[in-house]
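*Asks:* got a predicted structure here, sequence first:
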Amino acid sequence: MQFSVLASGSTGNAVYVETEQHAFLVDAGLSGKQMEQLFRQIGRNIADLSGILVTHEHSDHIKGIGVLARKYQLPIYANDKTWSAMEGMIGEIPTDLKFSFGMESVQSFGSLQIESFGVSHDAIQPMFYIFHENGKKLVIITDTGYVSDRMKGTIANADVFIFESNHDVEMLRMGRYPWSVKQRILSDVGHVSNEDAALAMSEVIGDRTKRIYLAHLSKDNNMKELARMAVSQTLQQQGLAVGEAFELYDTDPKIPTNLTAV
């Protein structure tokens, strides 16, 4: 199993995961042209995808889904409530390309099992995905206001985490956003801060965990260096040896991470 965080941040999100038999895109929150460019950068072709998995209906996760589905005849997977919420946002999707992927369920594609789990975000029924293959586990978790004990139990001890580290609390509080937006981000249905993300990580990192990608950084209320420093310091305070047992990695809104084996 290999993966690349194609884009991650306030302006658009997409993660590519492949096995020898299948290839999936989790979200397509950029334009069709931008998505095609990102695929070229990792040496892959959108036409070879087995499908697109949708996490929730916010535009930074679904902007390119309709265009890609129609152009490349790609199956789209989402839960039923998300399908309802996306109506009118992604254009007409042929019935034979629309598939239901229920909350808290597992679907198998050859040797690959994809597991969905719910998160706490202000969307109709947001959920993220865990990829299991040949004893390897890749977790994607962003767009959640907090990480519940239930979530922690589900995602624990992954080989790779793509984990939200959205904002620095002081940058957000001092920033230009209206107070109502700040309240939404800080709420239990908003986004996790650098420190809260690290505290959650400290409870789910396991013996097999080797790589953690800090994802969905706010373009206005965070910086890569700040996120990495805050997460690293908090993890070290929790007794975890960053840079020894596991490594932290950046993600970017426009530059994909290298295609990497789990």
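*Replies:* That came through fine.

*Asks:* pLDDT at the nearest residue to residue 195 once chain neighbours are set aside, what is it?
*Replies:* Once flanking residues are discounted, residue 195 sits nearest to residue 234: 5.4 Å by Cβ to Cβ, 6 or more residues apart in numbering. All C-beta atoms are positioned from the backbone trio N, CA, C, and that covers glycine. Listed pLDDT for residue 234 reads 98.

*Asks:* state which helix of this protein is the longest.
*Replies:* For the chain, the helix with the greatest residue count under DSSP state H is helix 224-237.

*Asks:* what's that one packed up against?
*Replies:* helix 194-204, strand 211-215, strand 247-250 (3 or more Cβ pairs under 8 Å, 6 or more residues apart in numbering; DSSP states H and E).

*Asks:* distance to residue 222 and mean pLDDT added to these, as TSV?
*Replies:* Shown next, in TSV, are the helices and strands packed on helix 224-237 (distance: least, Cβ to Cβ, whole Å; pLDDT from 0 to 100):
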stretch	distance to residue 222	mean pLDDT
helix 194-204	7	98
strand 211-215	9	98
strand 247-250	11	98
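
*Asks:* for those, which one sits closest to residue 96?
*Replies:* strand 211-215 (32.2 Å; Cβ to Cβ).

*Asks:* for the stretch 101-250 of the chain, just list every one of the strands.
*Replies:* Here the stretch 101-250 of the chain has its strands, by DSSP state E, counting those that start in this stretch, at 106-109, 112-118, 127-133, 136-141, 160-164, 211-215, 247-250.

*Asks:* given the third one, what are its sheet partners and their directions?
*Replies:* Based on DSSP bridges, the strands next to strand 127-133 in the sheet, each with its direction, are strand 112-118 (antiparallel), strand 136-141 (antiparallel).

*Asks:* same question for that strand, mean pLDDT?
*Replies:* 98.

*Asks:* list of residues touching that strand?
*Replies:* 1, 3, 17, 19, 24, 26, 53, 55-56, 79, 82, 103-104, 111-119, 137-144, 154-155, 158, 262 (Cβ atoms under 8 Å, 6 or more residues apart in numbering).

*Asks:* now swap in the fifth one and tell me
*Replies:* By Cβ under 8 Å, 6+ apart, the residues outside strand 160-164 that reach it are 3, 5, 8, 15, 137-144, 155, 191-192, 197, 200-201, 204-205, 209-216, 251, 262.

*Asks:* if we can go back for a sec, turn the strands paired with strand 127-133 into CSV, columns for distance to residue 48 and mean pLDDT.
*Replies:* Formatted as CSV, these follow (distance: least, Cβ to Cβ, whole Å; pLDDT from 0 to 100):
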stretch, distance to residue 48, mean pLDDT
strand 112-118, 15, 98
strand 136-141, 19, 98
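
*Asks:* buried deepest among these, which one?
*Replies:* strand 136-141 (a mean of 23; mean count of other Cβ atoms under 10 Å).

*Asks:* okay, residue 241: pLDDT?
*Replies:* 89.

*Asks:* gap between it and residue 3?
*Replies:* The gap separating residue 241 from residue 3 is 24 Å, by Cβ to Cβ, to the nearest Å.

*Asks:* neighbour count for those two, which is higher?
*Replies:* Ranked by neighbour count (other Cβ atoms under 10 Å), residue 241 and residue 3 place residue 3 first, with 25 against 9.

*Asks:* wouldn't the more buried one be in contact with residue 260 here?
*Replies:* Yes - look at residue 3 against residue 260 with Cβ atoms under 8 Å: they come within range, at 6.3 Å.
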